[in-house]
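**Student:** Have a look at this fold, sequence not included:
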């Protein structure tokens, strides 16, 4: 069955445009509550957290009403990182956790993510069951069978302790100077507390959310300001989270970006050298070939999946591996949390820095990235270009020029109305010209099909 609402990471879109509307979230709360608590023993309980978008207040109330109508008790956590919801869902023994967030997207967007009782994102089958129920009339329970709602006041403190507990006993960051960019998002409170309590000298930016400034020229999607701050403060490094805290990128002491592929390499290398080994790493179609080659030098297996952390998690489970992620900064350490956790992943990188006695820049340089260029072509409507002859011909021509020493990948974004054109190879000039040529053909075909 084709999913009508769910994408690669929950449901996401422009606020006020279907399905990101108050009435839809009301019914979604009822449908999800009905499906996700049907096997609950005793009290039916679901957690709700959110990022700092102004629209989160509206959707929080709508979800709360829908869940209560279905007879589900609701624990309201307020602004909390997405991985905190995954963790707290397990520790509260809840039937499910819900996050109201559009992650790294601008404030005009919002969305929703679900976690099951095990802290993992829902399977396709469960999402389809929820969608099927959305086509049915909403039925409100009678007074004796309604749920109740309450606010949880100590959720942030619990998550801070969890993050610190992901490190060995006695580990500290004394003597390290870091700049944090919290994207005016969900890590604005917990993030600085974790690093300060571990002893780091911490300079924080992007920690004044006002409902409208989330991801606005800050955070992991806009790292220029963080790079400037690292240089100005003469810090050891900078750490950038996205709006909901499940992604992280770094800036080294020279102001250069350290992306998710490089962070994966650093963590894998540390486990290989200091923690008894790393049995494998799961990446995606977009992972840099340099990561694969660097892991091969350590005899660490590597597999690629479709883009999306849910597919990375599936591969990790299939191979019984605990490490995976994406170049965007979605780094998964499944022995520590069930989903991408920006703070926990950042701490794993800092553990590698401390244990190795090397700088972040030195660790990053252990992996040689191949030139890669990605060009986004914006869509005005959903178009399937997979069988387009002109585009396929342009791709074939580029692959012929790369002569087996690179890759070409075209894929629709799972979270935005974009076609992503990616070219990777040893020759940077060839990579740039090939990506530009393919992107131009895609733009032309999009315009032609639109008219």
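**Tutor:** Received it, and whenever you're ready, just let me know what you need. Owing to the predicted nature of the structure, the values given are computational and were not obtained by experimental measurement. Numbers count the residues shown, from 1 in each chain.

**Student:** Can you name the residues in contact with the longest helix along the chain?
**Tutor:** As assigned by DSSP state H, the longest helix anywhere in the chain is helix 428-450. Helix 428-450 is contacted by residues 371-375, 377, 379-381, 383, 385, 388, 390-391, 394-395, 397-398, 401-402, 406, 408, 410, 419, 421-425 when judged by CB atoms under 8 Å, 6 or more residues apart in numbering. Glycine gets a C-beta too; all of them are placed from N, C-alpha and C.

**Student:** Narrow these to those in strands?
**Tutor:** 372-375, 377, 406, 408, 410, 419, 421-425 (DSSP state E).

**Student:** List buried residues within these.
**Tutor:** Among the ones in strands among the contacts of helix 428-450, the ones that count as buried by 16 or more other CB atoms under 10 Å are 372-373, 375, 377, 406, 408, 410, 419, 421-425.

**Student:** excluding its backbone neighbours, what's nearest residue 148?
**Tutor:** residue 73 (5.2 Å; CB to CB, 6 or more residues apart in numbering).

**Student:** Over to residue 258?
**Tutor:** residue 250 (3.9 Å).

**Student:** The helix or strand encompassing the one you found pairs with which strands, and in what direction?
**Tutor:** Assigned by DSSP states H and E, residue 250 belongs to strand 248-251. For strand 248-251, the paired strands and their directions (DSSP bridges) are strand 237-241 (antiparallel), strand 257-258 (antiparallel).

**Student:** Out of those, which one sits most buried?
**Tutor:** Greatest average neighbour count among the strands paired with strand 248-251 goes to strand 237-241 (a mean of 28), per mean count of other CB atoms under 10 Å.

**Student:** sorry, back to before: quick one: which of the ones in strands among the contacts of helix 428-450 is nearest residue 299?
**Tutor:** residue 424 (23.2 Å; CB to CB).

**Student:** ok, now which residue in the chain is the farthest from the centroid?
**Tutor:** The centre of the chain is farthest from one residue, residue 144, which by CA atoms, centre = their mean lies 39.5 Å away.

**Student:** right, and the secondary structure at that residue would be what?
**Tutor:** Secondary structure, DSSP: H, G, I helix; E, B strand; the rest coil: residue 144 is helix.

**Student:** Break the protein down into its structural domains.
**Tutor:** 11-153, 170-364, 372-450 (automatic domain parsing).

**Student:** If you average pLDDT over each of these, which is lowest?
**Tutor:** Note on the domains of the chain: domain 372-450 shows the lowest mean pLDDT, a mean of 88.

**Student:** related to what we said a few turns ago, what's the distance between the longest helix of the chain and the middle of its chain?
**Tutor:** Relative to its parent chain, helix 428-450 has a centroid offset of 27 Å by CA atoms, centre = their mean, to the nearest Å.

**Student:** hey, where'd the helices end up in the chain?
**Tutor:** According to DSSP H, the helices that the chain contains are 22-36, 55-69, 82-91, 124-134, 155-164, 190-197, 224-233, 260-274, 289-297, 309-319, 342-356, 360-364, 389-402, 428-450.

**Student:** Which of the ones in strands among the contacts of helix 428-450 sits closest to residue 100?
**Tutor:** Taking CB to CB as the measure, residue 100 sits nearest to residue 419 out of these, at 27.7 Å.

**Student:** need the contact list for the closest one.
**Tutor:** Contacts of residue 419 by CB under 8 Å, 6+ apart are 376, 377, 379, 385, 410, 411, 412, 413, 442, 446.

**Student:** Could you pull up the residues touching residue 31?
**Tutor:** Here residue 31 is in contact with 66, 70, 130, 131, 133, 134, 136 (CB under 8 Å, 6+ apart).

**Student:** Neighbours of the closest residue to it other than its chain neighbours, how many?
**Tutor:** Spatially, and ignoring its direct neighbours in sequence, residue 31 is nearest to residue 133 (4.0 Å; CB to CB, 6+ apart). Using other CB atoms under 10 Å, residue 133 is surrounded by 18 other residues.

**Student:** Residue 38 is in contact with residue 133, correct?
**Tutor:** No: when contacts are counted by CB atoms under 8 Å, residue 133 is not listed as touching residue 38 (10.6 Å).

**Student:** Would you agree residue 427 is in contact with residue 370?
**Tutor:** No: Residue 427 is not in contact with residue 370 according to CB under 8 Å; the separation is 9.7 Å.

**Student:** Who has more neighbours out of the two?
**Tutor:** residue 370 (19 against 16).

**Student:** Let me see the contact set for the more buried one.
**Tutor:** Counting by CB under 8 Å, 6+ apart, residue 370 has contacts 288, 289, 290, 406, 424, 425, 426.

**Student:** cutoff 10 Å now
**Tutor:** Residue 370 makes contacts with 288-293, 405-407, 424-428, 431, as judged by CB atoms under 10 Å, 6 or more residues apart in numbering.

**Student:** Please apply the same query to residue 372.
**Tutor:** 259, 261, 286-290, 327, 406-407, 409, 422-425, 428, 431, 435.
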